[in-house]
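1. here is a sequence with its predicted model. Questions after.
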Amino acid sequence: MSDHMRKSLEELAKDFIADGVIDAEEVTQLRERLYEDGVIDREEADFLFELNDGTSGNKNAPSWQTFFVEALTDHVLQDDTSPGVLDEDEAEWLIKNVEGDGQIDANEQALIDNIKAKAKSVCDSFTKKFS
């Protein structure tokens, strides 16, 4: 097991944000770590937003946006509570995190667009906020 796999998410965030860029190797490490149990839980999803906010606007690997969008879409649409549906709780959490740093960056916009495209339905608050 690599050092990155043993570290807490908080330690990983500090490591990955330290140089301001998420490179392709780090994306591979993130994918292995976060999908290890087959599920992106809320702690991991919050961690992804922290990484994104800490590196937004920098020259991250293209695979970072792909992974960010995929993992967070999975988090809200592949849950046991409302599979395929973006419910009110998920929408509230998403809105808070997308707007958390005061801007909607390209990765967050791609996430919004992907959720709209893949969800069977989205709640009104999400639709009104991101129409």
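-> Structure's in. What do you need?
2. who's in contact with the host helix or strand of residue 72?
-> With the criterion set as DSSP states H and E, the secondary-structure element containing residue 72 is helix 62-77. Outside of helix 62-77, the residues within contact range by C-beta atoms under 8 Å, 6 or more residues apart in numbering are 22, 24, 26-28, 30-31, 34-35, 39-42, 44-45, 48-49, 51-52, 55, 83-86, 90, 93-94, 106-107, 110-111, 114-115, 118-119. All C-beta atoms are positioned from the backbone trio N, CA, C, and that covers glycine.
3. what sits against the closest residue to residue 68 other than its chain neighbours?
-> For residue 68, ignoring the flanking residues on the chain, the nearest one in space by C-beta to C-beta, 6 or more residues apart in numbering is residue 107 at 5.0 Å. For residue 107, the contacting residues are 52, 56, 64-65, 68-69, taking C-beta under 8 Å, 6+ apart as the criterion.
4. from residue 12, how far out is residue 107?
-> Taking C-beta to C-beta, to the nearest Å as the criterion, residue 107 is separated from residue 12 by 18 Å.
5. all helices of the protein, in order?
-> Assigned by DSSP state H, the helices in the chain fall at 3-6, 9-18, 24-34, 42-55, 62-77, 88-98, 106-118, 124-129.
6. now those helices as CSV including mean pLDDT?
-> Compiled in CSV, the helices of the chain are given as follows (pLDDT from 0 to 100):
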stretch, mean pLDDT
helix 3-6, 52
helix 9-18, 86
helix 24-34, 94
helix 42-55, 94
helix 62-77, 98
helix 88-98, 96
helix 106-118, 97
helix 124-129, 94
